[in-house]
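1. Sequence first, then the predicted structure, then my questions.
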Amino acid sequence: MTTHWHQDAAAVVTLTFDVDAETPVLAQGRRYAGHASTMSHQAYGPDVGLPRILGILDDLGVPATFFVPGWVAEHRPGLAASIAERGHEVAHHSYSHRPATSMTPAEERADFERALAVFADQGIEIAGHRAAMWEASWRTTDLVAEHGLRYDSSLMGDDRPYRIAAGPGDIVELPVHWSLDDWEQYAFLPEPHVGSVIESPAKVLELWRAELDGMRRYRCLFNLCAHPFLSGRPGRAEALRRFIEYALACGDVRFARCREVAEAAAVDQDLPTRRPRPPDAGPDVYPG
């Protein structure tokens with residue numbers, strides 16, 4: 001008898017939080033370390049937003065997965081452990097938050113392995129990975145499989161989990177989408193430019209509830225991606241709380257850590273298997 005990844009829930013919700021701190025800004029240039037206002041804007045995430053979000057999760061009794069860049073874990077000793085101690089999952093989110101698509105193969109490997117070394121030194125078990133900015137390269141899933149991780153969460157090829165036949169072995173993909181990313185709703189920073197919109201939390205709550213309702217009909221994975229420096233602010237945190245309360249009240253939605261969904265998906269015989277490969281675009285049609 002097949003064990004299905006959703007375990008008979010109408011939809012599965014994975015609450016994921018990318019604890020980026022200063023890394024998305026520093027990845028665009030070390031000179032931004034001298035921008036005091038910008039650095040404080042980013043530090044708000046781990047210093048203020050993260051504790052607030054952890055409190056909401058405690059209040060409502062739901063698990064979550066926190067994707068942490070290695071640089072953040074290294075420069076804030078104890079942060080990753082404090083998340084794991086609350087019963088949540090800590091996962092790999094690059095070392096430097098530099099997009100894999102901007103690096104050579106050797107640079108991507110070095111960055112990937114440097115983050116793993118930080119978590120190993122801190123005694124944090126890592127099961128999954130998410131590419132910085134979701135900009136995975138065609139090499140990324142091979143690195144994930146090569147290093148024994150169970151899943152990736154960077155691609156957008158479905159709204160349910162699927163299996164990836166990577167070179168070193170199969171892994172599970174937990175797909176993402178921009179509509180479930182708070183960055184597209186809240187990110188605003190003049191320099192470096194990381195976004196220029198500040199939406200109402202009420203609009204964001206409406207968007208997420210509508211998407212969950214659709215996913216309940218089609219038995220999908222609601223893989224929410226939020227950032228403590230964005231969704232940790234008070235009005236936005238209340239919208240997050242209200243969304244979780246709505247999902248709990250539905251009665252047919254299951255909350256899970258990413259690693260638990262990946263484990264269930266790995267033994268689901270009905271899961272499709274795909275092999276990511278670049279298209280043969282043809283230089284005569286798409287030059288450069």
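-> Thanks, I have it. Bear in mind that the values here come from a model prediction, so they are computed numbers and not experimental data.
2. Burial check on residue 84, number of neighbours?
-> Here the count is done by other CB atoms under 10 Å, and residue 84 has 15 residues near it. Yep, even glycine has a C-beta here, placed from its N, CA and C like the rest.
3. er, residue 170 actually
-> 15.
4. Assign a three-state SS to it, would you?
-> Assigned by DSSP: H, G, I helix; E, B strand; the rest coil, the conformation of residue 170 is strand.
5. Quickly note the distance from it to residue 161.
-> Between residue 170 and residue 161 the distance is 12 Å, computed by CB to CB, to the nearest Å.
6. what's the spacing between the host helix or strand of residue 91 and its chain's center?
-> Secondary structure here is read from DSSP states H and E; on that basis residue 91 sits in strand 89-92. The gap between the average C-alpha position of strand 89-92 and the chain average comes to 9 Å, counting by CA atoms, centre = their mean, to the nearest Å.
7. Run through the residues that contact residue 243.
-> Counting by CB atoms under 8 Å, 6 or more residues apart in numbering, residue 243 touches 205, 208, 209, 212.
8. Separate out the buried members of these.
-> The neighbour-count test (16 or more other CB atoms under 10 Å) marks 205, 208, 212 as buried among those.
9. Just the ones in helices from those, please.
-> In helices, defined here by DSSP state H, the members of these are 205, 208, 212.
10. Present the contacts of residue 243 as CSV; the columns should include pLDDT and distance to residue 47.
-> As requested, these are exported to CSV (pLDDT from 0 to 100; distance: CB to CB, whole Å):
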residue, pLDDT, distance to residue 47
205, 98, 25
208, 98, 25
209, 98, 30
212, 98, 30
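11. Out of these, which comes closest to residue 194?
-> Taking CB to CB as the measure, residue 208 is the one of those closest to residue 194, at 21.2 Å.
12. what about the residue lying closest to the closest one once chain neighbours are set aside, helix or strand, and which?
-> Taking CB to CB, 6 or more residues apart in numbering, and ignoring the residues beside it in sequence, residue 208 has residue 243 as its nearest neighbour in space, at 5.1 Å. When secondary structure is defined by DSSP H and E, residue 243 falls within helix 234-250.
13. who does the helix or strand following that helix touch, helix- and strand-wise?
-> On the C-terminal side of helix 234-250, the nearest following helix or strand under DSSP H and E is strand 253-255. Judged by 3 or more CB pairs under 8 Å, 6 or more residues apart in numbering; DSSP states H and E, the packing partners of strand 253-255 are strand 11-18, helix 234-250.
14. Is it possible to get a markdown table of those that adds mean pLDDT?
-> Compiled in a markdown table, the helices and strands packed on strand 253-255 are given as follows (pLDDT from 0 to 100):
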| stretch | mean pLDDT |
| --- | --- |
| strand 11-18 | 99 |
| helix 234-250 | 98 |
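15. Understood, closing this out.
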